[in-house]
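[1] Next one to model:
(2 chains)
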Amino acid sequence: METTNIHTLGLLENASETLSLLLEGSNAGVWKWDVLTGQEWWSKRLYEMLGYEDQEIEASNENFLTILLHPDDQSITSQALNNHIHHHQPYKHPVRLKHKDGGYRWFETTGQAQFNPAGEPVYMVGTVINIDQQVQSLEELERSKQLLEETQTLARVGGWEYYLDRHELFWTSTMYDIFGLPQGQPVQVEDIAGYFTEASQQTIQEQLVNAIAEEAPFDLELQLITAQKNKIWVRLTGKPISTTGGKVAGLRGVLQDIHTQKLREIQFTDSLHTITRQNNRLLDFAFIVSHNLRSHAGNLEMMLEVMKISNSEDERNRILSFIEHISAELNQTIGQLNEVIYVQQDITQDKQSLDVADYIQLTREALQDDLQSHQVQIVEGQLECNTIVTNPAFLQSILLSLVLNAIKYRHPDRTPTVRISTSLEDNRPVLTVTDNGVGIDQSKFETDLFSRYETIHAHPAARGISQYLTRGQVEALGVSIDVQAVSASGSTYKITF
Amino acid sequence: MKKIDTAYIIDDSHIYVFGLSKIIETYKLCNNLLVFEDGEKAIRHILENIHDDSALPEIILLDINMPVMNGWDFLNEFVKLKESISKDITIYMVSSSIDPEDLERAKSYKEVSEYITKPISISRLKDLLKVA
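    Residues are numbered from 1 along each chain as shown, chains lettered A, B, ... in the order given. Below is the predicted model:
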């Protein structure tokens, strides 16, 4: 113990010198309070920390309370002092002290009282340390966190993180809001899928596997079913979190509630659809004007010219009959134009129960000349559905179109045969038309089919058809047209109503 | 000026064909006028006479909208046969359509000399059948 004594003795010998060095070198301000006399002493450093010259203001309890200590921190300070003196609890807490420049700074104040044998405090010493930087950093962190939370809430965006090895899922608070779950409720990654529609579940499953295996990010639009059973559109993005070794440690991403936007988008698409349909009608109109109307007008003009150079009465009479004919056709075309504008809007409403055999017969009659000159056979196959509910003009057009198609693409070595049958598939009537022609290029099928309508329109057989249909209208009727098989032995078309 | 020997009209409009034939006949614009009511019948005629230049036309007046084989289909078939034909054949596309799409499409065939909208006036017809 001798060594210690010598050292202690050495320290004590130079006690005041050592102490003043310590006080000057330290970052802490030091204070002393004589409990009995009420006198106080503040170190030079303490004054400096608060922007004062040494002793610039009197070191007193009154000055501490009225000038330096933040009013909001007075109760915590007196309470701490009370607890220390009467209950010997540690005196240590953060307080705001006023700098000479008028601003408050954060400090940590600590102290220790010296008690007499009776247990009464004699004096107390303590330190004051500047912790303003730390407190400010903490405050800033808190502010950022709040800003982030608020932004996420406003934008309905939640963040999530998942670590594979720990099997741990972390959610920001907006994630709970979007799912409609109480904040902080533990969520298991296995349960998440259940909150999505079946189609969305499958997409998530595929994308998650892909993201982990291929390190591929994903960006999906999905339908989520909230805890309150509301079905909402969400956008889920995610990307792999890689370890330094390059392995995928987990996934991190964002979930956004895009329901309002998505509904708007759907509405927009609907409008676009309507506009496209209207546009198609205008195109129909333009087509009839530029082809039929002009063709009649042109013929009329030509007949009048020919009339001038004609030199026989017979011929002039013939021309007159042609002019009568043209005039009748003009009338009809104007009627068609009217229908394009007014009637076609309601094409889907004009659905009737139609006898298929009747329409096959109508087709035979309409195409009589073509069938005869090319020796075409129309064979009525099994008609599992005797009637089909659809628009009459459509059924007539499609039959004419497909039979004309069969004539156009007939095989040179075969007698053209068209077999027409109906069946019921998935409770929907299906019209099947098979020919034994050369088979057509499937990619050209649709363009070909719809341009057929245009030709049909100009075809004498189409006289009875007052309207023809555009692609949009066929869709509106809920009809789908497929080329079932295209081969050297012919084509099969399936029209599902 | 050399007179046209043979011309084709490929058109399914009886009235138009009647008028056109009448004008050609009246002004004796060509010696032989052959009328086909669709492209396929015309192609068959060309095939049958492919090596007989005297039977092939100098000029074809081709309609667009026809049943069975329309004007475009005819052109596609014609392009395939062209190499086997030694005679110079001028094709005029004649249609009542003023659809710019039809006009553009006609331009895309170098076999088509001109796109003419119906009706063709007598003077225009005289010009067309003179030039060749």
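[2] Now the element after the helix ranked longest in chain B, going C-ward?
    In chain B, taking DSSP state H as the definition, the longest helix is helix B:14-26. Later in the chain than helix B:14-26, the nearest helix or strand by DSSP states H and E is strand B:30-36.
[3] and that following strand, what does it pack onto?
    The helices and strands touching strand B:30-36, judged by 3 or more C-beta pairs under 8 Å, 6 or more residues apart in numbering or on different chains; DSSP states H and E, are strand B:4-10, helix B:14-26, helix B:39-48. Yep, even glycine has a C-beta here, placed from its N, CA and C like the rest.
[4] let's see it at 6 Å
    strand B:4-10 (3 or more C-beta pairs under 6 Å, 6 or more residues apart in numbering or on different chains; DSSP states H and E).
[5] What residues does chain B have near chain A?
    Applying C-beta under 6 Å from any C-beta of the partner chain, we find that chain B lies next to chain A at B:15-16, B:19, B:22, B:26, B:65, B:67-68, B:96-99, B:118-119, B:122.
[6] Weed out the non-buried ones from the residues you listed.
    The neighbour count (16 or more other C-beta atoms under 10 Å in any protein chain shown) marks B:15-16, B:19, B:22, B:65, B:67-68, B:96-97, B:99, B:118-119, B:122 as buried among those.
[7] need those residues in JSON lines with pLDDT and distance to B:Ile89, can you?
    Compiled in JSON lines, those are given as follows (pLDDT from 0 to 100; distance: C-beta to C-beta, whole Å):
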{"residue": "B:Ile15", "pLDDT": "90", "distance to B:Ile89": "26"}
{"residue": "B:Tyr16", "pLDDT": "91", "distance to B:Ile89": "21"}
{"residue": "B:Gly19", "pLDDT": "92", "distance to B:Ile89": "23"}
{"residue": "B:Lys22", "pLDDT": "92", "distance to B:Ile89": "24"}
{"residue": "B:Asn65", "pLDDT": "83", "distance to B:Ile89": "22"}
{"residue": "B:Pro67", "pLDDT": "77", "distance to B:Ile89": "23"}
{"residue": "B:Val68", "pLDDT": "79", "distance to B:Ile89": "21"}
{"residue": "B:Ser96", "pLDDT": "85", "distance to B:Ile89": "23"}
{"residue": "B:Ser97", "pLDDT": "82", "distance to B:Ile89": "23"}
{"residue": "B:Asp99", "pLDDT": "81", "distance to B:Ile89": "25"}
{"residue": "B:Lys118", "pLDDT": "86", "distance to B:Ile89": "21"}
{"residue": "B:Pro119", "pLDDT": "85", "distance to B:Ile89": "24"}
{"residue": "B:Ile122", "pLDDT": "87", "distance to B:Ile89": "23"}
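[8] neighbours around A:Ser312, how many?
    A:Ser312 is flanked by 8 other residues according to other C-beta atoms under 10 Å in any protein chain shown.
[9] how near is it to A:Arg318?
    9 Å (C-beta to C-beta, to the nearest Å).
[10] correct me, but B:Ser97 touches A:His291?
    Yes: using C-beta atoms under 6 Å, B:Ser97 is in contact with A:His291, at 5.2 Å.
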